[in-house]
Each structure stands twice: as structure tokens, then as C-alpha cells.
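*Asks:* Quick check, what structure comes out for this input:
(chains A, B, C and D)
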Protein chains: 2
Amino acid sequence: MSARMKDIAQDLGVSLMTVSKALRGHSDISEETRRRVVNRARELHYRPNWIARSLVTRRTYMVGLVIPDLMHSFFAEVAKGVGRKFGPLGYQVVISNSEENPEAEARQIEVLLDRNVDGVIIASAQSHIRSELFRILEKRETPYVLIDRMPTGFEGHYVGGRDEEIGMLATNHLIDQGCKRIAHLRGPVISPGSGRLRGYRRALAKHGLDAPLDYVASGLYEDGSGYEGMRKLLQLKKRPDGVFCYNDPVAAGAIKAILEAGLTVPGDIAVIGAGNVHYSDLLRVPLSTIDQSSSVIGETAAELLAQCIEAAKKPLPPKRVFIAPRLVVRESSRRK
Amino acid sequence: MSARMKDIAQDLGVSLMTVSKALRGHSDISEETRRRVVNRARELHYRPNWIARSLVTRRTYMVGLVIPDLMHSFFAEVAKGVGRKFGPLGYQVVISNSEENPEAEARQIEVLLDRNVDGVIIASAQSHIRSELFRILEKRETPYVLIDRMPTGFEGHYVGGRDEEIGMLATNHLIDQGCKRIAHLRGPVISPGSGRLRGYRRALAKHGLDAPLDYVASGLYEDGSGYEGMRKLLQLKKRPDGVFCYNDPVAAGAIKAILEAGLTVPGDIAVIGAGNVHYSDLLRVPLSTIDQSSSVIGETAAELLAQCIEAAKKPLPPKRVFIAPRLVVRESSRRK
DNA sequence: ACGAATCACTATAGCGGTAACTTTACGAAA
DNA sequence: TTTCGTAAAGTTACCGCTATAGTGATTCGT
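*Replies:* Numbering: from 1, shown residues only, chains lettered A, B, ... in the order given. Predicted coordinates for the structure are as follows:
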């Protein structure tokens, strides 16, 4: 095994504690002793034992990140943001995949807490705060920040997009482009899905446009799942001439369905998504979308969590950050 | 803080050691005592302290996974596979992003080793085994498995695709489709890039087809980077009528360049990629590709690493697994 | 000149477990 | 009866590190 503080101490004829303090730059060690210790440490390739340190300090410098799906590039981007922020702070990020399953998620978070992570960031699959997960979280004193999805009744730290604004921005854009019959492929019944739907409705209402109930199709929200939803919309007697999709993967599926039906995008139907995933520009028709700065969401959440952790035991007053959305126009919606 | 073994022991009037043994199902504890301990543990919501346990057992049940880019869906898929295998075994997977930078990678792996992970899986950015990283890895006794990329001279555990076969499969397919002038957008100078290039050359040679030097363009290998490479190929006097691209993201960029030049895919130029990333079906032109079972690579590497870890100190003889590729034909190459 | 403060360092006591030995009790074998 | 074996505990000694409370020697204030 590698060198321990004890070895350095013996070699130098000082006490173990002197070594410990010297290595941590503690003030009551003379400059000369410190230098001797540091040199000897380097010679022996000493590496502090995090485990032992954690046992006594009760800090692991590990944080958990729980997301529903690594393959979804929104979450991959969030993860990247989180890592970029925490890395330089000396934290390790442990990513857990909940597979969009609330129970699995609760179980995973328990595992993380059992590992004594210093904090957790969660894109939660829970729809309501009255779920097992939150009982678990509140019992322990580990700080946590929710991202992207806000379960109803949730009062704690949160970082996400302004979903209603996203819905309005997208819908307004379609209206601007001259669309009269605008449909929506909605997402799951969690906050981003509902918020974007609200925004869609508000935008239509403001412009005095109709939003027939059957213009809101609820597909799923995974790869190509927009395909099924769009096919249903295409069968309506009054076919829509614009679709706002919950996110880019859904929009990609929608475009596939439209083209397959022999129609054109944006000519017959204009399409806009949300999320600006990295491959949006490469789709069948380059996809207009609402950028929500995914990696900024990750970074912001990381920063907030870091503050909570530093704040020692005193829980900070709940903070909510909503990142501003931005319209990105590409070919799929350009009609003028 | 939560309950410790000591609390259970005191409550039950037994020794700490009895509790420890009972909870781990040790044989020299009577069935009745064991039951009493387990019950009391449940009542107190006892959770074992991993940190303390790790300190003495020298096992953390954490493994590192180092990849160049989480956003690249190949690696996300690998990560998913790794997680799926290790989760049920009680391991936590810590993912580190090397950003394709060899030094950053070495640094990150050092951090992981400092954290006493039980093993590491690496999609390495190193091109040669004579690099700092391998000195570090060999000094410690932590087992590791390389995936996807094999640095020259590397002799240890490895799991990846059969790159030469991938190159041949793709190229043969283009030949089958009647392409006569087949170009290659090659990847970086690491094993998959070189292997696929070799496969491309062998396939052409076998069919007596020319492979002019300027038909091999080296772009990068990131999102849309195939775009630049393809533009160069389009300027050649003898324009290619088929392109095998290092991977799907490169192919996506290539298609973009081709369409932009007013040409058609696959009519004027057939395109095939490799990797079968999840959005390949949704691109401008649905992309033909070589599937390399990314998540199987992850799972296999995880299984291999788990074996190495279980094998206690005795290092296993180096094992290499090459996953078989599979042709997936979509529209981008269908000419018949 | 005498107590207080300062400096640079040390001794001790854990953190929450586990490994490796003992010990104890009790029935079976010699 | 004595010895022995075995089941079911208990003791002790760490794992590598940090927090806390000292220690002795020098410096300082009044």
C-alpha cells in the first residue's frame, strides 16, 4: 500500500498531527516544517486517504446527480454542466439513471445518501411532493436541488427553464410565420410538459386563435415517440398547419411522420421543438427550437448545491432559478 | 446523525461485534440473535456506514468510468450499459469526462484512484502505452479495462468493436450498391479510426477498386465535423459516389454538405456511418450505419472488470473481447 | 518580576466499522 | 471425572485521518 501520514511523520521525527496540519496548510506550523513535510510527502508519492478523512470530517466531496436518461441529450448536457462546475471544486459527481421510474429513483437516491454524498441534484420522475422520495430526503439532512421538473407542492431549491415562456415563444413564432391551426404534441404530465402546454394555450388565446382539444396530442416524450402523436394529428379533418412539440426528439418524430405522409415541412406544416439538442441542425429538416441552455441549468444547479453544502448545517432559504429561453429559427418553421 | 451499530448493540445488550456479524449473516450468530439484531436495525432505520466499512475492508464498491464525451451518444450508451451491469452488483459508477484530452484524462484517473475506486473502465484518449497514464495505472494495483480505443502497445484487458470488420462491412455494402468511387471520412488517429480505415482499404483492394489518397479525408470526429471533410471531397475533380464515414455524427455532417451542394443522397452519393446512434433514423436522410452494440460493449467491460475485482489481488490474464458489428441499411445508401 | 499571550508542536481520543483472536458454556468422548 | 470440541458470543487492535486540548518555551505588558 502507499505511504501514510504516519510514514512521513516517522521519517521526519515529528508527530502525525504536525504532518496532518502541515499538509492542510494549517497556520500553526512553521514554514520550514511545512516545507519539509511537503517535500517528504512528494518523495513518498503520498496521497491523502479520502475515506479516512471522510470518516472523521463527515464530508465526502461527492455529489449525486439523478436523471431519467443519460441518452437524452438534454440530460447529458446538464450532466456536463454539473461536472464542469463541480470538478474544479474538488467534488466527484456520481450519476444515477432512474429510467423515468419514480420507485427506482427513490431507491437510487437512498443508495447515494447511504454513501454519504454531500448533496444531490435531481431531475425527478416524481409528480408530487407527497411521495416516498421526499420523505426520505427530508429525514436526512443532505441538501438537494431539483432541476427541470418541479413536482407539485415542491417548495425547495429548483433550477429549470421558464416553461410557460418556452411554450409562448414557440407558439408565437408559429403564429408569426402565418400558421392558423396550431397543434401541440405535449410532453408527460410533469412541470415542463404542463408549463409548455400552458404557454401554448396562452399564446393562442392572446391571438384569438382556436385550440381545439384534439389539437393537443399526448404522445410520450422519447425518441421518435412524436411519430405516433403526429400521425394521429394528421388524421384530423382540419389538419394543423403548425405544430409545437414538447421537445426536439418528439419534433424529430413528428417531422418523420409528416414527410412520410407526403407532406412538406415547413410548407404544409411548420414544426418547432424545444431543447436545441445538438443534432437538431442535422435532422430531416433542420429543426427550429427553443434553446433552454441545458448546460447552464446544470451549472447553475451545481453552484446552488455547492452553496447549500458550504452553508454547513443551516439550510438556505429555498431558491428558484429560471433560465431564460431563446428562439432558434431553422428551416422547419421558416415560412416567410 | 443516524443510528450506529453501537446503538443496536447497547439496546440489545450484546456486543458491537455480534451486531456486525449478525447484519452480515455471519455463521457464528444464532438464528434468534440475528433476528433480534435485524429487527432492531430496522426499527432504528440503521444504514451501514460505507465509509467506515471501506476504511477497513479496502473496498469502496465504486468504479470509475472515463470517457471523452458524454454528449456523444455512443459513450452515453456505453455508460448506460456499464451502469446496468454494475448497479445490481452493488457498485456505484463514477463517470468522468476527459474531453478528449490525454492529460485531463490522466488527471481524472488519478483522482478516481485517489478515491480508492475498485476499478476503472476507460475509453482512453491516449494514443500510446508509453504515456504518463499507464505509468500511473501500473503503479497502483487497481484493475482497469480499456474500451473502444486501444493505444498502441497496450496489452491489458480490452473490450471494443471489430473495427477492421466495421470498415469492410460498410465499404462492401457501398460496393454492393454499385458505388465505384468510394471515399472515406476518417476518424482520429486512434485504434477505431485506423482499424476502420484499414477495413475500408482492404475491401476496396479485394474488389480491385481504386483508393486514391485524396479520397481519405481526415476531419475531426465531432458533431457536424464531417461537414468540412465532405466539402473538401466534393471539390475533387473525380467526385466520389459513395462515402464511408468514421461514425454517425460525421456522416450526418457529410450529408448536410452533400445536400447543400445541390446533390442527392443516395442518388449522387451514397453515405454510410458507424455506431447506429439513436437519432440516425431521424437525420436528413435516414442513415445507413454499422451497429456496434454500444451498450453491450459497456456491459461486457463491466462484467470483465467485476471479475478482475473479485479476483482479489491476483491479476487475471489479459482478456480481449471484440463485439461483432452488424450492417443496418437505411435510405442513405440504398441504391437498388 | 510575574502572569498572560503566542508559537510551534504533541498526545489522546475518537469517526464506525471489521479481522482475528479469545472466552464461555455445554454436551460428548475418553 | 477429565478432556475436548463446538457453537455463540465477546475483546482487542486497528484502518488513516482529524479535532481538541494540551505542552513547554519564549515574548510581552504593566
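
*Asks:* Work out for me the element the closest residue to residue A:172 other than its chain neighbours sits within.
*Replies:* Leaving aside its sequence neighbours, residue A:172 sits nearest to residue A:203 (CB to CB, 6 or more residues apart in numbering or on different chains; 5.0 Å). (C-beta placed from N, C-alpha, C; glycine too.) Secondary structure assignment for residue A:203, by DSSP states H and E: helix A:191-206.

*Asks:* repeat for residue A:180
*Replies:* Residue A:180 belongs to no helix or strand when assigned by DSSP H and E.

*Asks:* what about chain A, any weak spots by pLDDT?
*Replies:* Scanning chain A for pLDDT under 70 picks out A:1, A:219-224.

*Asks:* Spatially central residue in it, please.
*Replies:* Ranked by distance to the mean C-alpha position of chain A (CA atoms, centre = their mean), the top residue is residue A:78 at 4.4 Å.

*Asks:* sorry, back to before: would you indicate which residues of the helix holding residue A:203 are buried?
*Replies:* Within helix A:191-206, the residues scored as buried using 16 or more other CB atoms under 10 Å in any protein chain shown are A:191-197, A:199-204.

*Asks:* Residue A:228: what secondary structure?
*Replies:* helix (DSSP: H, G, I helix; E, B strand; the rest coil).

*Asks:* I'd assumed residue A:254 was in contact with it.
*Replies:* No. Using CB atoms under 8 Å, residue A:228 is not in contact with residue A:254, being 9.6 Å away.

*Asks:* Redo the buried residues of helix A:191-206 as CSV? Include distance to DNA strand C.
*Replies:* CSV is the format used below for those (distance: CB to the nearest atom of the strand, whole Å):
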residue, distance to DNA strand C
A:191, 37
A:192, 39
A:193, 41
A:194, 42
A:195, 43
A:196, 45
A:197, 47
A:199, 49
A:200, 51
A:201, 52
A:202, 52
A:203, 55
A:204, 57
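
*Asks:* what ranges do the strands span in chain A?
*Replies:* A:62-67, A:92-97, A:119-122, A:144-147, A:158-161, A:182-186, A:216-218, A:242-245, A:270-272, A:289-291, A:320-323, A:326-328 (DSSP state E).

*Asks:* Of those, flag the one that's most buried.
*Replies:* strand A:242-245 (a mean of 32; mean count of other CB atoms under 10 Å in any protein chain shown).

*Asks:* Partner strands of it, with direction?
*Replies:* strand A:182-186 (parallel), strand A:270-272 (parallel) (DSSP bridges).

*Asks:* What lies in contact with the last one?
*Replies:* What it means is strand A:270-272. A:170, A:173-174, A:177, A:179, A:241-245, A:251, A:254-255, A:258, A:265, A:285, A:287-290, A:332-335 (CB atoms under 8 Å, 6 or more residues apart in numbering or on different chains).

*Asks:* burial count for the residue of the stretch 101-250 of chain A found nearest DNA strand D?
*Replies:* Per CB to the nearest atom of the strand, residue A:116 is where the stretch 101-250 of chain A lies closest to DNA strand D, at 13.7 Å. Using other CB atoms under 10 Å in any protein chain shown, residue A:116 has 18 other residues around it.

*Asks:* which ones are touching the residue nearest to the centre of chain A?
*Replies:* A:67, A:123, A:147-148, A:294-295, A:297-298, A:301.

*Asks:* and what of residue A:177?
*Replies:* Residue A:177 makes contact with A:242, A:266, A:270, A:333-336, according to CB under 8 Å, 6+ apart.

*Asks:* Highest neighbour count among these?
*Replies:* For those, neighbours tallied by other CB under 10 Å; top is residue A:333, 31 neighbours.

*Asks:* who in the stretch 51-200 of chain A is up against DNA strand D?
*Replies:* Residues of the stretch 51-200 of chain A lying close to DNA strand D by CB under 7 Å from any atom of the strand are A:52-53, A:55-57.

*Asks:* Just put those residues in CSV and tack on distance to residue B:213 and neighbour count.
*Replies:* Converted to CSV, these look like this (distance: CB to CB, whole Å; neighbours: other CB atoms under 10 Å in any protein chain shown):
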residue, distance to residue B:213, neighbour count
A:52, 58, 16
A:53, 57, 17
A:55, 61, 17
A:56, 63, 8
A:57, 60, 10
